[in-house]
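Colleague: Pasting the sequence and the predicted model now:
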Amino acid sequence: MHETQSDPTEFWEDLYAGKSRWSGNPNPVLVDVVGALSPGRSLDLGCGEGADVLWLAGQGWDATGVDISSTAVSRARAAAEQNRDSMPGSATFDSGDLAPWLARARVEALGPLDLVTASFFQSPLDDFDRVGIINLAGEMVRPGGYLFALSHFAPPDWAPAEHRGHGDMPTPWGEVLDLSVPAGSWTVQISEVRERKATGPEGQIGHMKDTVVLLRRER
Ligand SMILES: C[S@@+](CC[C@H](N)C(=O)[O-])C[C@H]1O[C@@H](n2cnc3c(N)ncnc32)[C@H](O)[C@@H]1O
């Protein structure tokens, strides 16, 4: 991913065109961190093909996922339909640009949230307001609820030099400053970098570093 100027819907639709983009497995860090929380009502920002939402529903969450790509959302809905009977919670998906989506009235139908998740909700496009969108969703979290953000801390070992430096790569300390808004309303439960092994598009074995932040809303 190295474009910086493009229509976001077209950009992400192109990325999802053709075959499935992701593994279908939930992000292991989400499983580890969110697995410790009691199920409730959740919203996943940039849910892609829905693996995190489906995992949450499997744990008893009433989980909603939103993504700008209608192709990705169709795949997520099909997977939810296939797994519906085996999930104690629910998995619901919607497509749209989250900036206007969150500002629209339909959010009222979701009610106060127990959890907002944003896994690799990152984009190489210049006008992508990641922090603004996450904070807008954070306003919907009830006191006692959580905000989970998992993101690339650094490009993968195999990324070509010309692709490095594109897109936002949040640091744990930067995330806490950017996402603890309004000040004093959130406490930091986790703010760290975790490293994992990963395989590149050409089968390269390397390491990925992820920024992991879990905030709890206090008031
Ligand atoms: C790198 S992918 C991550 C997908 C998934 N969360 C995961 O962990 O595999 C980023 C996702 O954000 C979505 N996205 C980007 N900008 C968006 C926006 N403004 N509103 C909603 N979704 C957006 C993309 O379509 C894409 O599916």
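Modeller: In hand now; what should we look at?

Colleague: per-residue pLDDT, Gly167?
Modeller: pLDDT, Gly167: 63.

Colleague: so what's Asp129 up against?
Modeller: Ala99 (CB atoms under 8 Å, 6 or more residues apart in numbering). C-beta: built from backbone N, CA, C; applies to glycine.

Colleague: Quick check: the gap between it and Asn25.
Modeller: 28 Å (CB to CB, to the nearest Å).

Colleague: Scan the chain for its longest helix.
Modeller: helix 70-83 (DSSP state H).

Colleague: Packing partners of that helix?
Modeller: Packing contacts for helix 70-83, counted by 3 or more CB pairs under 8 Å, 6 or more residues apart in numbering; DSSP states H and E, involve helix 8-16, helix 51-58, strand 62-67, strand 90-95.

Colleague: Which helix or strand lies directly C-terminal to the worst-scoring helix or strand of the chain on mean pLDDT?
Modeller: Here the helix or strand of the chain ranked lowest by mean pLDDT, DSSP states H and E is helix 106-110, holding a mean of 74. Sequence-wise, the next helix or strand downstream of helix 106-110 (DSSP states H and E) is strand 113-119.

Colleague: Does that following strand reach the ligand?
Modeller: Yes. Under the criterion of CB under 6 Å from any ligand atom, the ligand is reached by strand 113-119 at Ser119.

Colleague: Repeat that for stretch 80-94.
Modeller: No. Counting by CB under 6 Å from any ligand atom, the ligand is not contacted by stretch 80-94; separation bottoms out at 9.7 Å.
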